[in-house]
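S.K.: structure for this input, please:
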Amino acid sequence: KVIKINPNDTSALINKGDALINKGITLEGLEKYEEAIQYFDKAIQPYKEAIEIDSNNTIACNHIRLAFIKSKQYEKAINCYNESKSKKIEISPLDRLDRILIYLNEPPNNLEQDKKIKLIKNFNCIIEKIDIFKKGIRNKDKKFVHYTKPSVIKSLIEEKSCFRFYCTKYMNDPDEGQILLSEDKNGILKYFYENEENEEDNFLTFIGSFISVEKGKDKLPLWRFYGKGDDNKDARGMCIELDGEFFDYNNEFQLNQLPLGENNTSLKYEKSKLGLNIYSVRYVDKEDKEMIDLLNGIEKPLKEIQNIIDPPSQKDLDQKDLDYKKSIKIAVRAVIDEVRYLFKSKHYAEEVEYRVVITLENNDDRILVDTSGDEPKFYIDTPKKFKDHIKEIIIGPAINHKNEWKKYFKSKGIEEIKLSDCKFN
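M.R.: Presented below is the predicted three-dimensional model:
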C-alpha cells in the first residue's frame with residue numbers, strides 16, 4: 001500500500017524485498033528449496049527499484065546481493081559486490097555464503113570469474129550438507145543446565161558478568177576436533193587440514209559446554225563428573241538451569257574467522273555477531289551413519305575445490321597461486337569447523353554434552369586472556385549477561401554450609417534456589 005501511494009519510497013521497497021527473502025528462508029528451513037528460490041528471485045525486483053531511485057542505498061545494495069546469492073545467480077552477486085566496492089558503499093556480509101563471496105573477491109584471491117563462481121557453488125553444496133546434519137542434532141526443548149564450581153558461580157551472578165567460553169587448547173580429550181578428520185577414509189579433509197598445525201595460531205576455537213535439563217538436571221553421575229567443588233571433590237559444585245533466551249536458535253554460523261576488509265581500507269565490514277547456537281555432541285564409532293552420510297555428502301564439492309586451487313595439470317605454483325591456495329583452504333576449514341567439534345568418541349557418551357562452538361581470528365579484540373592460573377588461557381565472553389538468564393540454582397549434595405549459600409544467592413537477587421535431591425555419601 002505504501003508503494004502504491006509513493007512508488008519512490010525506498011524503505012518500503014526494501015521492506016518488500018526483505019519480506020520475500022524471509023519467506024524464502026522459512027521455506028528453506030522446511031526443505032522446500034525450489035519454492036524458496038522463487039521467493040528469493042522475486043525479492044530482486046523491489047531492491048532494483050530502490051537502487052534506481054538511490055544508487056548508493058547501502059541496505060538495498062547489500063540485500064540485492066544476498067537475493068542473487070540465495071537464488072543461485074552467483075555471477076550477478078559478484079557483480080553487485082564489485083559495483084558496491086567501486087562506489088565505496090559499506091559492505092556487510094549477510095550470511096555465510098555471502099561472506100565467502102566477499103572473501104573470494106579480496107586479495108590474495110585474484111581468480112578468474114568462472115573459478116570464483118565454481119568455488120561459490122561448491123561452498124554452497126558443503127554448507128547445505130552441514131546444515132542438514134546440524135538440523136538433526138539441534139535441541140528442541142531449549143532447556144539446559146551447566147555445572148560449575150562455587151568460586152565460579154560467585155562471579156557469574158554479578159550484575160555485569162558474562163559466561164566464558166575457553167579455547168579448545170585446554171580441553172582434556174586429546175582427540176578433540178580430530179574424530180571427523182580421522183574417519184575421512186578418502187583423505188580429502190586431510191588435504192585441507194594438512195598444514196593446520198603450522199597455522200594453528202591464526203585461528204582459535206572456543207567452546208561452551210551444557211547439558212539438557214532432561215538428561216542432566218540434578219543427576220548423580222553428573223555431580224560426580226562435572227559438579228566438583230573447588231577442592232576437586234565430587235558433588236561439591238553447583239548446577240545452574242538457564243532460561244530459553246540465553247541461546248540462539250537460527251542455525252547460523254557467521255564464519256567469524258574469515259578476515260574481511262584488511263586490504264581494502266575504504267570499506268567497512270561489520271564484525272559477525274557471536275551467535276550462541278547450541279547443538280548436541282554426537283558420540284560416534286567408525287560405523288556412525290550420520291557421520292558417514294556427512295563425509296560422503298561433502299566429498300565431491302571438496303574435490304572440486306581442490307581441483308580448482310590445485311589442478312593436477314599444474315605442477316609448479318608461483319607465489320600468487322600458493323597464496324590463494326592457502327587462503328581457500330582456510331575458508332574450507334572455516335566451514336568444516338562448524339561441525340568438527342561436534343563429534344566425539346563413543347567412549348565419552350556419558351557426558352551427554354551440548355556445545356556452542358565459536359572460531360575467531362587470533363587478533364580479534366573479543367579474545368581475552370585469563371591470567372588467574374599458572375598459565376595464561378584465552379577465552380571469550382558471551383554477548384549476553386549470564387545472570388539475566390539464570391532460572392534456578394541447585395546446590396550440590398555434598399557441599400558444605402548449604403543454608404549459607406541459599407542466603408548468599410538470595411542477597412544477590414536469585415530467587416529460585418533448591419538443594420539437590422541426590423543422595424551422596
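
S.K.: how far away is residue 284 from residue 207?
M.R.: Going from residue 284 to residue 207 by C-beta to C-beta, to the nearest Å gives 18 Å. (C-beta placed from N, C-alpha, C; glycine too.)

S.K.: equivalent analysis for residue 364, please.
M.R.: According to C-beta to C-beta, residue 364 stands 16 Å off from residue 207.

S.K.: so those two - more neighbours on which side?
M.R.: residue 207 (21 against 16; other C-beta atoms under 10 Å).

S.K.: so what sits opposite the more buried one in the bridge?
M.R.: Counting by DSSP bridges, residue 207 forms beta bridges with residue 166, residue 357.

S.K.: show me where the stretch 251-400 of the chain has helices.
M.R.: 289-309, 319-340 (DSSP state H, counting those that start in this stretch).

S.K.: restricting to C-alpha, output the last one in CSV.
M.R.: Taking C-alpha atoms only, helix 319-340 is exported to CSV below (Å, rounded to 0.1, in the frame of the first residue of the first chain):
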residue,chain,number,x,y,z
GLN,A,319,53.7,-17.4,-5.0
LYS,A,320,50.4,-15.9,-6.1
ASP,A,321,49.0,-19.4,-6.6
LEU,A,322,50.3,-20.6,-3.3
ASP,A,323,48.8,-17.5,-1.5
TYR,A,324,45.3,-18.1,-2.8
LYS,A,325,45.5,-21.8,-2.4
LYS,A,326,46.3,-21.3,1.3
SER,A,327,43.5,-18.7,1.5
ILE,A,328,40.9,-21.0,0.0
LYS,A,329,42.0,-23.9,2.3
ILE,A,330,41.4,-21.5,5.3
ALA,A,331,37.8,-20.8,4.0
VAL,A,332,37.1,-24.6,3.7
ARG,A,333,38.4,-25.2,7.3
ALA,A,334,36.2,-22.3,8.5
VAL,A,335,33.1,-24.1,7.1
ILE,A,336,34.1,-27.6,8.3
ASP,A,337,34.9,-26.3,11.8
GLU,A,338,31.1,-25.6,12.2
VAL,A,339,30.8,-29.4,12.9
ARG,A,340,34.3,-30.6,13.5
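
S.K.: in the chain, which helix is the longest?
M.R.: helix 113-136 (DSSP state H).

S.K.: buried ones in that one?
M.R.: 116-120, 122-127, 129-131, 133-134 (16 or more other C-beta atoms under 10 Å).

S.K.: that helix - contacts with which helices or strands?
M.R.: helix 74-86, helix 96-104, helix 289-309, helix 319-340 (3 or more C-beta pairs under 8 Å, 6 or more residues apart in numbering; DSSP states H and E).

S.K.: could you identify the helix or strand that succeeds that helix?
M.R.: strand 144-148 (DSSP states H and E).

S.K.: what is the rounded mean pLDDT of that following strand?
M.R.: Average pLDDT, strand 144-148: 95.

S.K.: gap between the nearest residue to residue 168 once chain neighbours are set aside and residue 342?
M.R.: Distances taken as C-beta to C-beta, 6 or more residues apart in numbering put residue 205 closest to residue 168, at 4.7 Å, once the chain neighbours are dropped. For residue 205, the distance to residue 342 equals 12 Å [C-beta to C-beta].

S.K.: now do the shared contacts for these two.
M.R.: Common neighbours of residue 205 and residue 342 (criterion: C-beta atoms under 8 Å, 6 or more residues apart in numbering): residue 357.

S.K.: can you get me a residue count around residue 245?
M.R.: Neighbour tally, residue 245, other C-beta under 10 Å: 11.

S.K.: separation between it and residue 356?
M.R.: Taken as C-beta to C-beta, the span from residue 245 to residue 356 is 14 Å.

S.K.: and the average pLDDT for whichever helix or strand residue 403 is part of is what?
M.R.: Here residue 403 is covered by helix 402-411, with elements defined by DSSP H and E. The average pLDDT for helix 402-411 rounds to 95.

S.K.: name the residues of that helix that come out as buried.
M.R.: Across helix 402-411, burial judged by 16+ other C-beta under 10 Å covers 405-406, 408-409.

S.K.: list the contacts of residue 240.
M.R.: By C-beta under 8 Å, 6+ apart, residue 240 lies in contact with 145-148, 153, 156, 390, 392-394.

S.K.: contacts only, for the closest residue to it other than its chain neighbours.
M.R.: Nearest residue to residue 240, sequence neighbours excluded (C-beta to C-beta, 6+ apart): residue 146, at 5.0 Å. By C-beta under 8 Å, 6+ apart, the residues touching residue 146 are 163, 209-211, 239-240, 242.

S.K.: that older thread, mind telling me which of the helices of the stretch 251-400 of the chain the model trusts least?
M.R.: The bottom spot among the helices of the stretch 251-400 of the chain, by mean pLDDT, belongs to helix 319-340, with a mean of 84.

S.K.: and it with helix 113-136, angle?
M.R.: Per axes from the mean of the first three to the mean of the last three C-alpha atoms, to 10 degrees, the angle that helix 319-340 makes with helix 113-136 is 10 degrees.

S.K.: flag every buried residue along helix 319-340.
M.R.: Quick answer for helix 319-340 (16+ other C-beta under 10 Å): 324-325, 327-340.

S.K.: can you check stretch 152-159 too?
M.R.: In stretch 152-159, counting by 16+ other C-beta under 10 Å, buried: 152-153, 156-157.

S.K.: just the ones in strands from those residues, please.
M.R.: Among the buried residues of stretch 152-159, no member falls in strands (DSSP state E).

S.K.: could you export these as JSON lines, including distance to residue 28 and pLDDT?
M.R.: Output for the buried residues of stretch 152-159, formatted as JSON lines (distance: C-beta to C-beta, whole Å; pLDDT from 0 to 100):
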{"residue": "152", "distance to residue 28": "39", "pLDDT": "93"}
{"residue": "153", "distance to residue 28": "40", "pLDDT": "93"}
{"residue": "156", "distance to residue 28": "37", "pLDDT": "93"}
{"residue": "157", "distance to residue 28": "40", "pLDDT": "92"}
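
S.K.: and which of these is nearest residue 171?
M.R.: residue 152 (16.9 Å; C-beta to C-beta).

S.K.: and that closest one, how far from residue 238?
M.R.: From residue 152 to residue 238 the distance is 8 Å (C-beta to C-beta).

S.K.: and if you look at residue 279?
M.R.: Distance, residue 279 to residue 238, using C-beta to C-beta: 24 Å.

S.K.: so for these two, which sits in the more crowded spot?
M.R.: Legend: neighbour count by other C-beta under 10 Å for residue 279 and residue 238, higher for residue 238 (24 against 21).
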